[in-house]
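In: return a 3D structure for these sequence lines:
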Amino acid sequence: MSIGYHAVSRPMHKRRQGLLGRDLPWQRRLVYLAVIYIGVCAVCLSLAEVGFRLFWNPRYWIHTSRLLIGSGQTQAGKKWWPETNYSVESSEFRTEFRTNALGYRARLNRSPISPYRVAFVGDSFTEGMQVAQEATFCAQLETLLGSANAGRAVECENFGVSATDLFDYWHRIVHDVLSSDPPDALVLCIYPGNDFQGELPDSGFDADDRPLRDYYRNPSWAQHLIAWVNLHSKFGCYSQRALLSLGGRAAVSKNPAPKNWWSHPALAARSADCRALRRSRSIFAAIAAECRERGTKLSILVVGPVATYAAVDGKSPLACILADWGIDIPVVDIAIKARALPGNHNLTFPIDGHLTESGHVYVARQAAPALRSLMTPISSAARSASERRTSGSSRDHVAWRVAR
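Out: Got it, this is the predicted structure:
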């Protein structure tokens with residue numbers, strides 16, 4: 001008798017199928033792969049974020065706990081998201097600051113009704129996020145200028161924004177500082193370290209190299225997303241800085257200029273036909289014309305110290321250059337005084353490079369007497385808003401026409 005063996009085949013539907021088995025519909029396999037990919041990326045990004053928060057110590061990192069936030073850019077240019085608290089972390093300092101409705105560093109207290117208003121426009125040295133608001137030279141000058149003018153309070157408004165330059169100042173002044181309620185005085189704070197090194201885009205000037213009034217646009221969703229990541233993730237902040245650094249090295253300026261021309265009046269005079277100098281000159285002239293039209297007293301405060309910027313024959317290099325250009329703007333140059341001061345390294349943070357509290361105190365005390373003498377006397381400065389503002393039609397009769 002023979003015994004036969006018969007293999008019994010199981011039905012296909014009873015066989016065990018893997019997660020990504022061949023018989024799984026391709027749509028479902030695609031979904032599974034996407035879920036796995038997203039999960040792996042989330043884990044990797046989380047580990048990277050933990051690592052950067054533990055071991056990466058940048059010069060400073062600005063962040064906020066607010067979730068609904070994005071880029072604060074407007075027609076006035078780059079600035080912060082309005083009405084928001086920010087924290088600044090660094091190995092050298094830890095501070096917090098709050099922005100006002102326009103996106104600038106907010107005041108702690110408001111002055112009484114009808115104060116003598118002074119607007120300070122500048123970059124990170126003016127904004128002073130490395131110190132408390134009351135320790136900035138802008139806030140200290142409010143006290144110093146106010147104490148010498150009995151009868152009318154003085155209010156100093158901080159329009160400083162980090163990582164901006166002369167081109168940005170023009171748009172900030174036109175769209176935010178002078179637009180609706182011009183201040184009595186405007187102090188243009190120039191940092192002679194990098195204020196003249198920014199790009200002067202062709203699309204921001206007319207054929208005669210005069211600055212256009214409208215250049216910046218409201219941010220796109222991509223700009224909002226980048227800002228959100230930068231303010232909430234240390235890894236994202238590092239990645240953005242790395243990409244910007246690589247892009248900056250690869251970029252070639254379309255408007256090259258002699259190195260540190262703003263420190264050498266003779267070099268600036270020899271390079272007068274350079275496009276970068278022509279456009280810088282036009283911006284200064286445009287700001288001066290706009291302030292005259294709006295009835296605002298304009299002066300320049302040069303902030304320092306800067307290693308490559310020193311007095312030339314005992315005079316301010318920037319003041320000499322503006323005089324050669326025929327631009328009549330009073331210049332208070334604190335940078336050359338700070339540069340000549342023994343031990344001036346104590347005025348700035350060793351790593352960050354911005355002004356310390358001592359540096360802000362020095363700038364305020366040195367600038368106060370000169371600014372006080374340049375500003376219109378308080379008693380004669382009281383004028384109605386209607387007298388300080390001009391109608392749109394009057395702009396057509398300005399001697400120096402700013403390109404629109």
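
In: below-threshold pLDDT in this protein: ranges please.
Out: For the chain, applying pLDDT under 70 flags the ranges 1-23, 108-112, 147-151, 247-255, 376-404.

In: and it, what are its domains?
Out: Domains of the chain are assigned by automatic domain parsing as 25-55, 61-377.

In: which of these sits most buried?
Out: Highest mean neighbour count among the domains of the chain (mean count of other CB atoms under 10 Å): domain 61-377, with a mean of 18. Heads up, the C-betas are built off the backbone N, CA and C, glycines and all.

In: all the helices of this structure, in order from the start?
Out: 26-55, 124-127, 137-147, 166-172, 221-232, 234-250, 265-270, 275-294, 317-324, 334-340, 357-374, 378-381, 385-388 (DSSP state H).

In: tell me what the second one is packed against?
Out: Of the remaining helices and strands, those touching helix 124-127 by 3 or more CB pairs under 8 Å, 6 or more residues apart in numbering; DSSP states H and E are strand 154-160.

In: chain center to the strand it packs on, what's the gap?
Out: A distance of 15 Å separates the centroid of the chain from that of strand 154-160, by CA atoms, centre = their mean, to the nearest Å.

In: outside of it, which residues touch it?
Out: Outside strand 154-160, the residues within contact range by CB atoms under 8 Å, 6 or more residues apart in numbering are 104-105, 107, 110-111, 115-128, 133, 136, 138-139, 141-142, 145-146, 172, 176-177, 183, 189, 378.

In: one more: stretch 346-366?
Out: Identification of contacts with stretch 346-366 by CB under 8 Å, 6+ apart yields 59-60, 90-93, 124-125, 128, 130-131, 135-137, 140-141, 144, 301, 303, 305, 334, 337-338, 341.

In: swap the cut-off to 6 Å and go again
Out: With contacts defined as CB atoms under 6 Å, 6 or more residues apart in numbering, stretch 346-366 is touched by R59, E92, Q130, V131, A135, T136, F137, Q140, L141, I334, K337, A338.

In: ok, the nearest residue to K297 once chain neighbours are set aside - contacts?
Out: Nearest residue to K297, sequence neighbours excluded (CB to CB, 6 or more residues apart in numbering): A185, at 4.2 Å. Counting by CB under 6 Å, 6+ apart, A185 touches V118, K297, M375.

In: and Q73, how far is that from W262?
Out: Remark: distance between Q73 and W262 (CB to CB, to the nearest Å) = 27 Å.

In: ah, wrong one, I meant S299
Out: 17 Å.

In: for P256, same thing?
Out: Distance from P256 to W262, counting by CB to CB: 15 Å.

In: closest one to T84 among the helices of the chain?
Out: For T84, the closest of these is helix 221-232, at 9.3 Å, according to CB to CB.

In: and that closest one, how far from the chain's centre?
Out: Put simply, helix 221-232 sits 16 Å off its chain's centre (CA atoms, centre = their mean).

In: which other helices and strands contact that helix?
Out: Contact here means 3 or more CB pairs under 6 Å, 6 or more residues apart in numbering; DSSP states H and E; on that basis helix 221-232 packs against helix 234-250.

In: who touches the helix it packs on?
Out: Contacts with helix 234-250, where a contact means CB under 6 Å, 6+ apart, come from A48, E49, F52, R53, W61, V229, N230.

In: what sits against the fourth one?
Out: In other words, R53. K234.

In: and the gap between it and Y238?
Out: From R53 over to Y238 (counting by CB to CB), the distance is 11 Å.

In: for stretch 53-67, measure first residue to last.
Out: Using CA to CA, to the nearest Å, the end-to-end distance of stretch 53-67 comes to 19 Å.

In: and if you look at stretch 119-136?
Out: One end of stretch 119-136 sits 14 Å from the other (CA to CA).

In: so what's A135 up against?
Out: Taking CB under 6 Å, 6+ apart as the test, what A135 contacts is E357, H360.

In: ok, 8 Å please
Out: Per CB under 8 Å, 6+ apart, neighbours of A135: G128, E357, H360, V361.

In: distance of the third one from Q27?
Out: In other words, H360. According to CB to CB, H360 and Q27 sit 63 Å apart.

In: ok, now the second one?
Out: Counting by CB to CB, the gap from E357 to Q27 is 63 Å.

In: do the first one as well
Out: When CB to CB is the yardstick, G128 and Q27 sit 57 Å from each other.

In: with the last one instead?
Out: Applying CB to CB, the value for V361 to Q27 is 68 Å.

In: out of the contacts of helix 234-250, which comes closest to D202?
Out: N230 (27.8 Å).

In: tell me how far the closest one lies from S239.
Out: From N230 to S239 the distance is 9 Å (CB to CB).

In: cool, and T348?
Out: T348 sits 28 Å away from S239, going by CB to CB.

In: now do V131
Out: Using CB to CB, V131 is found at 28 Å from S239.

In: how long is stretch 124-135 end to end?
Out: Stretch 124-135 has an end-to-end distance of 14 Å (CA to CA).

In: repeat for stretch 335-347
Out: Terminal residues of stretch 335-347 are spaced 11 Å apart (CA to CA).

In: for stretch 186-198, same thing?
Out: 22 Å.

In: now T164: closest residue in space, sequence neighbours ignored.
Out: In space, T164 is closest to D123, 5.2 Å off (CB to CB, 6+ apart).

In: cool, and R217?
Out: Nearest residue to R217, sequence neighbours excluded (CB to CB, 6+ apart): Q75, at 7.4 Å.

In: beta partners for V331?
Out: I300 (DSSP bridges).
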